[in-house]
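Q: the following comprises the amino acid sequence and a computationally predicted model.
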Amino acid sequence: MKPLPIGPKAQTIQHWLRANPDEYLFQPREARDRQNSEKRKKRKTPLWPSHVAHQATKRKTKPKRVARERYDRHS
């Protein structure tokens, strides 16, 4: 495949590109993980160890819906 040169404006999106060109650029699983980590950082009160343990017991081992590796037309 012949390399395609891109101009300086288009080069500003390089942070979106991935090392593996076959991977999808936007992945729901990553978006969910990023959103959860941001919410966790913004907590005003500390998360007690008992809360962490309780949340771990509530977590489903086989959830019916899991985040997929890509978005589709129904997303």
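A: It's in. Numbering: from 1, shown residues only.
Q: what mean pLDDT does the lengthiest helix in the chain have?
A: Criterion DSSP state H: the longest helix present in the chain is helix 28-41. Taken as a whole, helix 28-41 carries a mean pLDDT of 92.
Q: pull out the buried residues from it.
A: Pro28 (16 or more other C-beta atoms under 10 Å). Heads up, the C-betas are built off the backbone N, CA and C, glycines and all.
Q: measure how far that helix is from the centre of its chain, please.
A: 6 Å (C-alpha atoms, centre = their mean, to the nearest Å).
Q: hey, C-alpha coordinates of that helix in PDB?
A: C-alpha atoms of helix 28-41 as PDB (Å, rounded to 0.1, in the frame of the first residue of the first chain):
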ATOM      1  CA  PRO A  28     -17.300   1.600  23.500                       C
ATOM      2  CA  ARG A  29     -15.400  -0.400  26.100                       C
ATOM      3  CA  GLU A  30     -12.700   2.200  26.300                       C
ATOM      4  CA  ALA A  31     -15.200   5.000  26.500                       C
ATOM      5  CA  ARG A  32     -17.000   3.300  29.400                       C
ATOM      6  CA  ASP A  33     -13.800   2.700  31.300                       C
ATOM      7  CA  ARG A  34     -12.600   6.300  30.800                       C
ATOM      8  CA  GLN A  35     -16.000   7.600  31.900                       C
ATOM      9  CA  ASN A  36     -15.900   5.400  35.000                       C
ATOM     10  CA  SER A  37     -12.400   6.500  35.900                       C
ATOM     11  CA  GLU A  38     -13.300  10.200  35.500                       C
ATOM     12  CA  LYS A  39     -16.300   9.700  37.800                       C
ATOM     13  CA  ARG A  40     -14.100   7.900  40.300                       C
ATOM     14  CA  LYS A  41     -11.600  10.800  40.300                       C
END
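Q: any buried residues in stretch 55-73, and which?
A: Buried-residue list, stretch 55-73, by 16+ other C-beta under 10 Å: empty.
Q: avg pLDDT for that stretch?
A: On average, stretch 55-73 scores 88.
Q: helices of this structure, residue ranges please.
A: Going by DSSP H, the chain shows helices at 28-41, 49-58.
Q: take the ones you listed and write them to TSV, including distance to Lys9.
A: Formatted as TSV, those follow (distance: least, C-beta to C-beta, whole Å):
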stretch	distance to Lys9
helix 28-41	25
helix 49-58	44
